[in-house]
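> The sequence isn't on hand, but the structure is:
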């Protein structure tokens, strides 16, 4: 058992290493052609059509799904079905992303001539830079890898990994260029758990009561540090006797304070707090709160009553997205 375990893990690590090397090679070659592909899609007035067959087709379907969910309208077109009527779905203004590692896939290449006749722009994803696909494409994204992870050198492994990564890179860069926001993501995922969570009001997911890290403005600074450490929210709210928000101290503020060589002993919370912190009302949607947290690069957000400024709670990024369930979107 032990020997089998060691052998299996060693073989698995070799697969990871080969695929990492493939990713590194493609990352190093990334340049002007990638920028041209991004610009071509940004200028597209209609949709991105992704096409490929076999393993490339399966990866293409994932790329299509990612583009759609991040604000780039797309659909997947099977090359064979395209040649039997589905080509009618492609408009001359569409941009086609054609995927073939060799660049010599017969079913795909037979489609290229018809696409070019109608003036459709083609982005080729291929490892064959002198291939039929590369010659037909307006832009070529090089997904060539040093070797496949398959010990026989037959099954697409490292090549499909880098193809998927190239698709993700396109989607994320397009997302950033379009200034796609979490609220937009929510609209595209009305049935998803993250989409559902972002549709709720902040007051439904914020921390309240004893879970809110807070101290009075005249409390010793060291007491504020103790609360900061105890509540583990990344911030402590500074309030007055009526529980109105006066300021905030974050983990980052403390680090900067200590780097400056200042001594907290003898100081009060008001001496080190940041005044006029960003805050929102509990009636705001969680998606909008997430946008604010991203804009100001913060992970804890005070929730206050709009009428009198009383603290109602605090919103932490983990509670907004669901602890252990999601990662920061963008």
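Yep, it's here. Here the structure is a predicted model, which means the values were calculated and not measured.
> Can you list the strands that the helix or strand hosting residue 122 pairs with?
For residue 122, the host element (DSSP states H and E) is strand 121-126. Under the criterion DSSP bridges, strand 121-126 sits next to strand 95-99 (parallel), strand 139-142 (parallel) in its sheet.
> Tell me which of these is the most buried.
strand 95-99 (a mean of 27; mean count of other C-beta atoms under 10 Å). Backbone N, C-alpha and C define where each C-beta goes, glycine included.
> Provide the contact partners of that strand at residue level.
40-41, 44, 47-52, 56-57, 59-60, 63, 77, 90, 108, 111-112, 115, 120-126, 133, 137, 163, 167, 170 (C-beta atoms under 8 Å, 6 or more residues apart in numbering).
> now it, how far from the centre of its chain.
22 Å (C-alpha atoms, centre = their mean, to the nearest Å).
> Quick one: mean pLDDT for the next helix or strand after it?
Per DSSP H and E, the first helix or strand lying C-terminal to strand 95-99 is helix 106-117. Averaging pLDDT along helix 106-117 gives 90.
> and what of stretch 33-45?
95.
> Bridging across strands, which residues link to residue 311?
residue 304.
> quick one: pLDDT of it?
94.
> does the most far-flung residue of the chain relative to its centre sit in a helix, a strand or a coil?
The outermost residue of the chain, judged against the average C-alpha position, is residue 266 (44.3 Å), by C-alpha atoms, centre = their mean. The local conformation at residue 266, judged by DSSP: H, G, I helix; E, B strand; the rest coil, is coil.
> and it, what pLDDT?
For residue 266, the model assigns a pLDDT of 82.
> distance of it from residue 272?
12 Å (C-beta to C-beta, to the nearest Å).
> cool, residue 172 as well?
Taking C-beta to C-beta, one finds residue 172 at 38 Å from residue 272.
> Between the two, which is the more surrounded one?
Comparing residue 172 with residue 272 by other C-beta atoms under 10 Å, the one with more neighbours is residue 272, at 19 against 14.
> and that one, what does it touch?
Per C-beta under 8 Å, 6+ apart, neighbours of residue 272: 221, 224, 249, 253, 254, 257, 264.
> repeat that with 7 Å
Residue 272 makes contacts with 221, 249, 253, 257, as judged by C-beta atoms under 7 Å, 6 or more residues apart in numbering.
> Turn these into JSON lines, including pLDDT and neighbour count.
Output for these, formatted as JSON lines (pLDDT from 0 to 100; neighbours: other C-beta atoms under 10 Å):
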{"residue": "221", "pLDDT": "89", "neighbour count": "23"}
{"residue": "249", "pLDDT": "93", "neighbour count": "25"}
{"residue": "253", "pLDDT": "83", "neighbour count": "17"}
{"residue": "257", "pLDDT": "80", "neighbour count": "17"}
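> Please identify which pair of those residues lies farthest apart.
221 and 253 (10.9 Å; C-beta to C-beta).
> Could you check how far the residue found closest to residue 52 once you drop the neighbours it is linked to in the chain is from residue 146?
Using C-beta to C-beta, 6 or more residues apart in numbering and skipping the chain neighbours, the partner closest in space to residue 52 is residue 99 (3.5 Å). Applying C-beta to C-beta, the value for residue 99 to residue 146 is 19 Å.
> so can I have TSV of the strands paired with strand 121-126 showing distance to residue 312 and mean pLDDT?
Shown next, in TSV, are the strands paired with strand 121-126 (distance: least, C-beta to C-beta, whole Å; pLDDT from 0 to 100):
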stretch	distance to residue 312	mean pLDDT
strand 95-99	48	96
strand 139-142	50	97
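> Make JSON lines out of the ones you listed and add distance to residue 283.
Compiled in JSON lines, the strands paired with strand 121-126 are given as follows (distance: least, C-beta to C-beta, whole Å):
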{"stretch": "strand 95-99", "distance to residue 283": "41"}
{"stretch": "strand 139-142", "distance to residue 283": "46"}
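> Enumerate the positions of stretch 284-294 that are buried.
Residues of stretch 284-294 classed as buried: 284, 285, 286, 287, 288, 289, 290, 291, 293 (neighbour count, 16 or more other C-beta atoms under 10 Å).
> Nearest residue to the first one in space, please, no chain neighbours.
When you say that, I think you mean residue 284. Using C-beta to C-beta, 6+ apart, the closest residue to residue 284 is residue 202 (5.1 Å).
> quick one: contacts for the one you found?
280, 282, 284, 286, 289, 303, 315.
> let's see 8 Å
280, 281, 282, 283, 284, 285, 286, 289, 303, 315.
> Tell me which of these fall in helices.
Filtering the contacts of residue 202 for membership in helices, criterion DSSP state H, returns 286, 289.
> From the contacts of residue 202, which shows the smallest pLDDT?
For the contacts of residue 202, the weakest pLDDT value sits at residue 286, with 83.
> residue ranges with poor pLDDT in the stretch 201-330 of the chain?
Low-confidence segments of the stretch 201-330 of the chain (pLDDT under 70): 321-330.
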